[in-house]
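Participant: what would the 3D arrangement of this be:
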Amino acid sequence: MKGVDPAGTPRRDRDRADRLRTELLGPKRYATLSLDEVIQAGRILTGDPDGLSFYGFPPADWYARGIRLLGRTCVEATPDVTAAPIAETVRAVLGRRDGVGVIDPFAGSGNLMLHVAEALSAPARGLEADEAVWARTRENLRILDASAVVRLGDWLSYFDDPLPVEVAVYVLSPPWAGAFSFATGLDVTRTEPPIPSIVDTISVRDRSAHRFAVVQHTPVEPVLNLSAVTDRHPVVGAGQGSVVVRVR
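Facilitator: Numbers count the residues shown, from 1 in each chain. Sure thing, here's the model as predicted:
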(Lines give C-alpha, C1' and ligand atoms only; values in the text may rest on other atoms or scores of the structure.)
Protein backbone atom coordinates (compact mmCIF):
# COMPACT_ATOMS: atom_id res chain seq x y z
CA MET A 1 0.00 0.00 0.00
CA LYS A 2 1.35 3.42 -0.97
CA GLY A 3 2.11 5.67 1.98
CA VAL A 4 2.72 9.39 2.26
CA ASP A 5 5.82 11.26 3.38
CA PRO A 6 5.48 13.99 6.03
CA ALA A 7 5.43 16.73 3.37
CA GLY A 8 2.35 15.12 1.82
CA THR A 9 4.07 13.63 -1.21
CA PRO A 10 3.68 9.94 -2.12
CA ARG A 11 6.21 7.73 -0.36
CA ARG A 12 8.81 6.22 -2.66
CA ASP A 13 11.09 3.24 -2.39
CA ARG A 14 14.32 5.18 -1.83
CA ASP A 15 16.66 2.27 -2.57
CA ARG A 16 14.92 1.58 -5.87
CA ALA A 17 14.86 5.28 -6.70
CA ASP A 18 18.60 5.59 -6.07
CA ARG A 19 19.27 2.58 -8.31
CA LEU A 20 17.23 4.09 -11.15
CA ARG A 21 18.91 7.45 -10.66
CA THR A 22 22.32 5.79 -11.01
CA GLU A 23 21.18 4.07 -14.22
CA LEU A 24 19.77 7.23 -15.79
CA LEU A 25 22.89 9.22 -14.93
CA GLY A 26 25.09 6.36 -16.13
CA PRO A 27 24.46 3.93 -19.00
CA LYS A 28 21.15 5.55 -20.02
CA ARG A 29 22.44 9.10 -19.63
CA TYR A 30 21.89 10.01 -23.28
CA ALA A 31 19.10 7.59 -24.09
CA THR A 32 15.86 9.18 -25.28
CA LEU A 33 13.28 7.65 -22.97
CA SER A 34 10.03 6.18 -24.27
CA LEU A 35 6.74 7.27 -22.77
CA ASP A 36 6.50 4.01 -20.84
CA GLU A 37 9.99 4.59 -19.42
CA VAL A 38 9.10 8.16 -18.42
CA ILE A 39 5.95 6.99 -16.65
CA GLN A 40 7.82 4.22 -14.87
CA ALA A 41 10.59 6.64 -13.87
CA GLY A 42 7.99 9.02 -12.47
CA ARG A 43 6.44 6.22 -10.46
CA ILE A 44 9.80 5.17 -9.01
CA LEU A 45 11.39 8.58 -8.48
CA THR A 46 8.33 10.45 -7.20
CA GLY A 47 5.74 7.81 -6.32
CA ASP A 48 3.45 9.16 -9.06
CA PRO A 49 3.21 7.94 -12.69
CA ASP A 50 2.64 11.58 -13.70
CA GLY A 51 5.50 12.76 -11.49
CA LEU A 52 7.64 13.73 -14.49
CA SER A 53 5.21 16.35 -15.74
CA PHE A 54 7.02 19.19 -17.51
CA TYR A 55 6.08 22.46 -19.20
CA GLY A 56 2.63 22.29 -17.64
CA PHE A 57 1.76 18.92 -19.19
CA PRO A 58 1.64 15.34 -17.84
CA PRO A 59 3.97 12.88 -19.59
CA ALA A 60 1.39 11.53 -22.08
CA ASP A 61 0.58 15.07 -23.23
CA TRP A 62 4.08 16.43 -23.60
CA TYR A 63 5.19 13.23 -25.29
CA ALA A 64 2.29 13.46 -27.78
CA ARG A 65 3.46 16.98 -28.70
CA GLY A 66 6.85 15.59 -29.75
CA ILE A 67 8.74 16.66 -26.65
CA ARG A 68 11.43 14.21 -25.62
CA LEU A 69 13.79 13.93 -22.65
CA LEU A 70 17.11 12.19 -22.18
CA GLY A 71 17.76 9.87 -19.27
CA ARG A 72 19.91 12.37 -17.39
CA THR A 73 17.34 15.12 -17.93
CA CYS A 74 14.56 13.01 -16.40
CA VAL A 75 16.68 12.85 -13.25
CA GLU A 76 18.16 16.35 -13.21
CA ALA A 77 15.30 18.49 -14.57
CA THR A 78 12.87 20.16 -12.19
CA PRO A 79 9.37 18.73 -12.77
CA ASP A 80 6.22 20.80 -12.52
CA VAL A 81 5.37 19.51 -9.05
CA THR A 82 8.57 21.16 -7.77
CA ALA A 83 8.91 24.06 -10.21
CA ALA A 84 5.41 25.48 -9.67
CA PRO A 85 5.77 26.01 -5.88
CA ILE A 86 9.22 27.54 -6.40
CA ALA A 87 7.79 29.97 -8.95
CA GLU A 88 4.99 30.87 -6.52
CA THR A 89 7.54 31.56 -3.79
CA VAL A 90 9.59 33.82 -6.07
CA ARG A 91 6.52 35.78 -7.15
CA ALA A 92 5.40 36.20 -3.53
CA VAL A 93 8.85 37.49 -2.56
CA LEU A 94 9.67 39.72 -5.54
CA GLY A 95 6.32 40.49 -7.14
CA ARG A 96 6.09 41.63 -10.72
CA ARG A 97 8.23 44.65 -11.53
CA ASP A 98 9.93 46.23 -14.52
CA GLY A 99 13.49 45.47 -15.46
CA VAL A 100 13.57 41.85 -14.24
CA GLY A 101 15.36 39.01 -15.99
CA VAL A 102 15.53 35.32 -15.08
CA ILE A 103 18.80 33.44 -15.57
CA ASP A 104 19.32 29.70 -15.29
CA PRO A 105 23.05 28.93 -15.53
CA PHE A 106 22.34 25.16 -15.58
CA ALA A 107 19.18 25.13 -17.66
CA GLY A 108 18.73 21.44 -18.46
CA SER A 109 15.13 21.13 -19.64
CA GLY A 110 14.52 24.82 -18.98
CA ASN A 111 11.38 23.97 -17.03
CA LEU A 112 12.26 25.74 -13.78
CA MET A 113 13.40 28.83 -15.67
CA LEU A 114 10.14 28.93 -17.65
CA HIS A 115 7.97 28.63 -14.53
CA VAL A 116 9.81 31.43 -12.72
CA ALA A 117 9.91 33.68 -15.79
CA GLU A 118 6.18 33.26 -16.31
CA ALA A 119 5.49 34.00 -12.65
CA LEU A 120 7.47 37.26 -12.93
CA SER A 121 6.40 38.12 -16.51
CA ALA A 122 10.11 38.39 -17.26
CA PRO A 123 12.46 37.45 -20.10
CA ALA A 124 14.63 34.40 -19.47
CA ARG A 125 18.01 33.12 -20.56
CA GLY A 126 19.55 29.76 -19.82
CA LEU A 127 22.97 28.19 -20.29
CA GLU A 128 23.56 24.51 -20.89
CA ALA A 129 27.05 23.04 -21.24
CA ASP A 130 26.03 19.54 -22.38
CA GLU A 131 25.51 19.72 -26.14
CA ALA A 132 23.14 16.73 -26.26
CA VAL A 133 20.93 18.17 -23.51
CA TRP A 134 21.06 21.63 -25.11
CA ALA A 135 20.02 20.33 -28.53
CA ARG A 136 17.10 18.41 -27.04
CA THR A 137 15.97 21.39 -24.95
CA ARG A 138 16.24 23.77 -27.89
CA GLU A 139 13.92 21.51 -29.88
CA ASN A 140 11.49 21.16 -26.97
CA LEU A 141 11.32 24.93 -26.53
CA ARG A 142 10.73 25.31 -30.26
CA ILE A 143 7.78 22.90 -30.03
CA LEU A 144 6.43 24.92 -27.12
CA ASP A 145 6.98 28.19 -29.00
CA ALA A 146 8.68 29.46 -25.84
CA SER A 147 10.31 32.88 -25.89
CA ALA A 148 13.08 31.86 -23.47
CA VAL A 149 16.55 31.36 -24.93
CA VAL A 150 18.95 28.59 -23.90
CA ARG A 151 22.50 29.04 -25.14
CA LEU A 152 25.11 26.32 -25.47
CA GLY A 153 27.96 27.09 -23.12
CA ASP A 154 29.50 26.88 -19.69
CA TRP A 155 27.61 28.75 -16.98
CA LEU A 156 30.39 31.30 -16.61
CA SER A 157 29.91 32.34 -20.24
CA TYR A 158 26.66 34.06 -19.20
CA PHE A 159 28.67 36.96 -17.81
CA ASP A 160 30.23 37.59 -21.25
CA ASP A 161 26.81 38.61 -22.62
CA PRO A 162 24.36 39.10 -19.75
CA LEU A 163 20.75 40.19 -19.94
CA PRO A 164 20.50 44.01 -19.76
CA VAL A 165 18.31 44.05 -16.66
CA GLU A 166 18.18 45.95 -13.40
CA VAL A 167 16.99 42.96 -11.39
CA ALA A 168 18.72 39.64 -12.05
CA VAL A 169 16.99 36.56 -10.68
CA TYR A 170 19.17 33.46 -10.87
CA VAL A 171 17.53 30.06 -10.49
CA LEU A 172 20.14 27.62 -9.24
CA SER A 173 19.90 23.88 -9.56
CA PRO A 174 23.28 22.70 -10.83
CA PRO A 175 23.84 18.96 -11.32
CA TRP A 176 23.46 17.28 -7.95
CA ALA A 177 25.35 14.10 -8.95
CA GLY A 178 27.06 12.75 -5.81
CA ALA A 179 25.63 15.58 -3.70
CA PHE A 180 22.26 13.86 -3.50
CA SER A 181 20.70 10.51 -2.78
CA PHE A 182 17.18 9.62 -1.77
CA ALA A 183 18.65 7.91 1.26
CA THR A 184 20.76 10.78 2.62
CA GLY A 185 19.40 13.98 1.00
CA LEU A 186 21.16 16.94 -0.65
CA ASP A 187 24.42 18.63 0.35
CA VAL A 188 24.51 22.01 -1.43
CA THR A 189 28.29 22.24 -0.98
CA ARG A 190 28.81 19.12 -3.14
CA THR A 191 26.81 19.99 -6.25
CA GLU A 192 28.74 20.47 -9.51
CA PRO A 193 29.81 23.24 -9.00
CA PRO A 194 28.98 23.90 -5.33
CA ILE A 195 26.03 26.24 -4.91
CA PRO A 196 27.83 28.55 -2.43
CA SER A 197 30.60 29.10 -4.98
CA ILE A 198 28.05 29.93 -7.68
CA VAL A 199 26.35 32.55 -5.51
CA ASP A 200 29.69 34.07 -4.55
CA THR A 201 30.65 34.28 -8.24
CA ILE A 202 27.36 36.03 -9.05
CA SER A 203 28.10 38.56 -6.30
CA VAL A 204 31.42 39.41 -7.95
CA ARG A 205 30.57 39.26 -11.66
CA ASP A 206 26.95 40.33 -12.05
CA ARG A 207 26.56 44.09 -12.48
CA SER A 208 22.78 44.37 -12.11
CA ALA A 209 21.47 46.85 -9.56
CA HIS A 210 19.65 44.09 -7.68
CA ARG A 211 20.54 40.40 -7.64
CA PHE A 212 18.71 37.42 -6.21
CA ALA A 213 19.46 33.72 -6.17
CA VAL A 214 16.72 31.12 -5.97
CA VAL A 215 18.33 27.97 -4.60
CA GLN A 216 16.38 24.83 -5.36
CA HIS A 217 16.55 21.99 -2.88
CA THR A 218 14.52 18.89 -2.16
CA PRO A 219 11.28 19.52 -0.26
CA VAL A 220 11.27 16.01 1.25
CA GLU A 221 14.78 14.65 1.81
CA PRO A 222 17.24 16.40 4.19
CA VAL A 223 19.08 19.52 2.99
CA LEU A 224 22.64 19.87 4.28
CA ASN A 225 24.92 22.90 4.58
CA LEU A 226 22.42 25.45 3.27
CA SER A 227 23.94 27.84 5.82
CA ALA A 228 27.00 28.03 3.55
CA VAL A 229 24.78 30.25 1.38
CA THR A 230 22.45 31.85 3.90
CA ASP A 231 25.20 32.91 6.33
CA ARG A 232 26.74 35.04 3.56
CA HIS A 233 23.66 36.25 1.71
CA PRO A 234 20.46 37.34 3.48
CA VAL A 235 17.35 35.22 3.06
CA VAL A 236 14.41 37.19 1.69
CA GLY A 237 12.01 34.29 1.30
CA ALA A 238 11.62 30.54 1.43
CA GLY A 239 9.05 27.98 0.40
CA GLN A 240 8.55 24.39 -0.62
CA GLY A 241 11.74 23.26 -2.30
CA SER A 242 13.61 26.57 -2.36
CA VAL A 243 15.16 29.49 -0.56
CA VAL A 244 15.58 32.98 -2.04
CA VAL A 245 18.58 35.10 -1.06
CA ARG A 246 19.65 38.63 -1.89
CA VAL A 247 23.11 38.43 -3.45
CA ARG A 248 25.41 41.00 -1.90
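Participant: could I get the buried residue list for the helix or strand containing residue 92?
Facilitator: According to DSSP states H and E, residue 92 maps onto helix 80-94. For helix 80-94, the neighbour count (16 or more other CB atoms under 10 Å) marks 80-91, 93-94 as buried. No exception for glycine: its C-beta is placed from N, CA and C like everyone else's.
Participant: need the helices for the protein, in chain order.
Facilitator: 14-25, 35-46, 59-64, 71-76, 80-94, 111-120, 131-144, 195-205, 227-230 (DSSP state H).
Participant: phi first, then psi, for residue 28.
Facilitator: Residue 28 adopts backbone torsions of phi -110, psi 20, taken as degrees, to the nearest 10.
Participant: that one touches residue 69, doesn't it?
Facilitator: No - assessed by CB atoms under 8 Å, residue 28 is found out of contact with residue 69, at 11.4 Å.
Participant: who has more neighbours out of these two?
Facilitator: For the pair residue 28 and residue 69, the greater number of neighbours falls to residue 69 (28 against 19), based on other CB atoms under 10 Å.
Participant: grab the nearest non-local neighbour of that one.
Facilitator: What sits nearest to residue 69 in space, not counting adjacent residues and going by CB to CB, 6 or more residues apart in numbering, is residue 33, at 6.0 Å.
Participant: is it true that that neighbour touches residue 71?
Facilitator: Yes - judged on CB under 8 Å, residue 33 makes contact with residue 71 at a distance of 6.0 Å.
Participant: can you list the weak-confidence ranges in the chain?
Facilitator: Counting by pLDDT under 70, the chain has low-confidence residues at 1-12.
Participant: wait, residue 42 touches residue 60, no?
Facilitator: No - using CB under 8 Å, residue 42 is not in contact with residue 60, being 11.0 Å away.
Participant: okay, these two: which has more neighbours?
Facilitator: Between residue 42 and residue 60, counting by other CB under 10 Å, residue 42 is the more crowded of the two (21 against 13).
Participant: ok, now which ones touch the more buried one?
Facilitator: Applying CB atoms under 8 Å, 6 or more residues apart in numbering, we find residue 42 in contact with 48-53, 59, 79.
Participant: do residue 55 as well
Facilitator: Residue 55 is in contact with 62, 67, 80, 111, 114, 140, 144, counting by CB under 8 Å, 6+ apart.
Participant: burial count for the last one?
Facilitator: Pointing back at residue 144 there. Residues near residue 144, counting by other CB under 10 Å, number 19.
Participant: again, but for the fourth one
Facilitator: Residue 111 is surrounded by 25 other residues when neighbours are defined as other CB under 10 Å.
Participant: how close does it sit to residue 163?
Facilitator: Per CB to CB, to the nearest Å, residue 111 is found 19 Å from residue 163.
Participant: and if you look at the first one?
Facilitator: Shown here: residue 62 relative to residue 163, a distance of 27 Å by CB to CB.
Participant: which one's more surrounded, the two?
Facilitator: Legend: neighbour count by other CB under 10 Å for residue 62 and residue 163, higher for residue 62 (23 against 18).
Participant: can you pull the buried residues of stretch 128-142?
Facilitator: Buried residues in stretch 128-142, counted by 16+ other CB under 10 Å: 128-130, 133-134, 136-137, 140-141.
Participant: can you give the contact residues for that stretch?
Facilitator: The contact list for stretch 128-142 (CB under 8 Å, 6+ apart) reads 30, 32, 55, 67-70, 72-73, 106-110, 126, 148, 150-155.
Participant: please apply the same query to stretch 59-74.
Facilitator: Contact with stretch 59-74 is made by 23-25, 28-33, 35, 38-39, 41-42, 45, 49-50, 52-55, 57, 77, 108-109, 130, 132-133, 136-137, 139-140, 143-144, as judged by CB under 8 Å, 6+ apart.
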